[in-house]
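> the sequence and its predicted three-dimensional model are supplied below.
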Amino acid sequence: MLEIRQHCENCDRALPNDSLEAMICTYECTFCAECVENILQNVCPNCGGGFEKRPSRPKNELIKNPPRKDKVIKLVSFNKFLEANNNIEPNKR
């Protein structure tokens, strides 16, 4: 089950469950679309994978399975995977 992290791990932008701006990697690292496109260049700084739009949890499931409450904030100052992966499609990394 997805954790539904509610903030961008880089800029702390609010990304509630129904946000259309939330992007996740395969490990659920969560960033806003702006950071993914303009800073990370679709390369996760934690694993080197690509990002996809995060799905929303159905509203009737939010009480039983609420979004994660704590924040994961790791300002990206250097992406060790960027140089090696930014010109490779995510499904071929």
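On my side now, so go ahead.
> pLDDT of stretch 64-77, averaged?
Average pLDDT, stretch 64-77: 86.
> which parts of that stretch are buried?
By neighbour count on 16 or more other CB atoms under 10 Å, the buried set for stretch 64-77 is residue 76. Heads up, the C-betas are built off the backbone N, CA and C, glycines and all.
> put the alpha carbons of it into PDB.
Extracted C-alpha coordinates of stretch 64-77, given in PDB (Å, rounded to 0.1, in the frame of the first residue of the first chain):
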ATOM      1  CA  LYS A  64      -8.900   3.200   7.100                       C
ATOM      2  CA  ASN A  65      -5.600   3.900   5.400                       C
ATOM      3  CA  PRO A  66      -4.700   7.600   5.900                       C
ATOM      4  CA  PRO A  67      -1.800   9.300   4.200                       C
ATOM      5  CA  ARG A  68       1.500   9.500   6.000                       C
ATOM      6  CA  LYS A  69       1.600  12.300   8.600                       C
ATOM      7  CA  ASP A  70       5.300  13.000   9.100                       C
ATOM      8  CA  LYS A  71       7.400  14.800   6.500                       C
ATOM      9  CA  VAL A  72      10.400  13.400   4.600                       C
ATOM     10  CA  ILE A  73      12.500  16.500   3.600                       C
ATOM     11  CA  LYS A  74      15.900  16.000   2.000                       C
ATOM     12  CA  LEU A  75      16.800  19.200   0.100                       C
ATOM     13  CA  VAL A  76      18.600  18.000  -3.100                       C
ATOM     14  CA  SER A  77      21.900  19.800  -3.400                       C
END
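> show me the contact partners of it.
1, 3-7, 9-10, 12, 16-17, 30, 35, 39-40, 45-46, 57 (CB atoms under 8 Å, 6 or more residues apart in numbering).
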